[in-house]
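Novice: below: sequence and its predicted model.
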Amino acid sequence: MEIPEFKPARTGALALAILASLAATAVFCLRPGILSILITWCFTIGLAIAGLGRQRPGDLGLRAAGIVPGIAYGALYWLSLQAAVIVTAPWFGKRAGLDPQLAAGAWLAFAGPLLDQLIFFASAEEIVHRGFLLPQIYLRLRAHLTPRTALTVATLFGSAFFSLLHIPHRLLEGVSERELPLQLLLLVAAGVFLCTIYMLTGNLLCAVLIHALSNFPTLPFDAGLPWQPWLVIKYALALLAAGVYALWFHRRTRDSS
């Protein structure tokens, strides 16, 4: 895994992006709903990242050349998830069956949450946390640490910040104070995992699709598998797909040179 060359943002953009993210979370605490994500898009992404930071989509890992490969990666991951449900269900004494919403013909209700994630939520979080905060923190640490150490610290710090911003969401979902530490650790792990996907592929769209499919898998067949082994299966399949993506991309780059 090679560390890409990131474009430094203008002075103050990183601090403004962090403050804007905290403001969006505070607004969500006071008034849960779409307002907080609009603040993220307008102020964190629009003002701090694109405006003051002068970061363009390509600087954030979103390039036109990566759209088709990114969609192919997401499709490979989605299909492998579906196959994993069908194959592993008998091991847990389960039987894979058609999702109730699909069985009732509610296709829009089935796909709607995934579209919301792709357009608004997962895309915004990935642009902010993996596309901007990760490389900008890394660039500031690289002056004092080795590149690998700087990337590791930036990944852990950014993932911890990503986790803390989700505290209000988890509390509103009914997570108890006793369960909250485990939920936060799982979110840190998710942040590290998404950073790894981004670094392996160099394509932020891959991380966006993994994020969206983690929140709303939208699998036609479901077996109600235990979440612990299912989480391991999901991470393993996503990393495997990222490895395939990286090998394919590097081979094409080598063949074209």
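Specialist: Happy to help now that I have it.
Novice: mind listing what's buried in the helix or strand of the chain with the lowest mean pLDDT?
Specialist: Lowest by mean pLDDT, DSSP states H and E among the helices and strands of the chain is helix 100-103, with a mean of 75. Neighbour counts using 16 or more other CB atoms under 10 Å place 101-102 of helix 100-103 among the buried residues. Every residue, glycine included, has its C-beta placed from N, CA and C.
Novice: what's in contact with that helix?
Specialist: Residues outside helix 100-103 that contact it (CB atoms under 8 Å, 6 or more residues apart in numbering) are 107, 109-110, 220.
Novice: buried ones among the residues you listed?
Specialist: Buried among the contacts of helix 100-103 (16+ other CB under 10 Å): Phe110.
Novice: sitting in helices, which of the contacts of helix 100-103 do you find?
Specialist: 107, 109-110 (DSSP state H).
Novice: switch those over to CSV; also include distance to Asp116 and pLDDT.
Specialist: Below are those laid out as CSV (distance: CB to CB, whole Å; pLDDT from 0 to 100):
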residue, distance to Asp116, pLDDT
Trp107, 15, 74
Ala109, 12, 72
Phe110, 12, 72
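Novice: let me have those in CSV, extended by distance to Arg31.
Specialist: Below are the ones in helices among the contacts of helix 100-103 laid out as CSV (distance: CB to CB, whole Å):
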residue, distance to Arg31
Trp107, 31
Ala109, 25
Phe110, 28
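Novice: and of those, the nearest to Ala84?
Specialist: Phe110 (19.1 Å; CB to CB).
Novice: how close does that closest one sit to Phe28?
Specialist: As judged by CB to CB, to the nearest Å, Phe110 and Phe28 stand 26 Å apart.
Novice: for Val87, same thing?
Specialist: 39 Å.
Novice: now do the phi/psi pair for Tyr97.
Specialist: Heads up, residue 97 is Gly, not Tyr. phi -130, psi 160 (degrees, to the nearest 10).
Novice: pretty sure it contacts Leu219?
Specialist: No: using CB atoms under 8 Å as the test, Gly97 is too far from Leu219 to be in contact (11.0 Å).
Novice: more neighbours: which of the two?
Specialist: Leu219 (19 against 14; other CB atoms under 10 Å).
Novice: can you give me the strands for the stretch 101-250 of the chain?
Specialist: Along the stretch 101-250 of the chain, the segments classed as strands by DSSP state E, counting those that start in this stretch run 221-222.
Novice: so where's it shaky on pLDDT?
Specialist: 250 (pLDDT under 70).
Novice: would you map the helices across it?
Specialist: 107-116, 122-126, 134-141, 147-164, 167-172, 180-201, 204-215, 227-256 (DSSP state H, counting those that start in this stretch).
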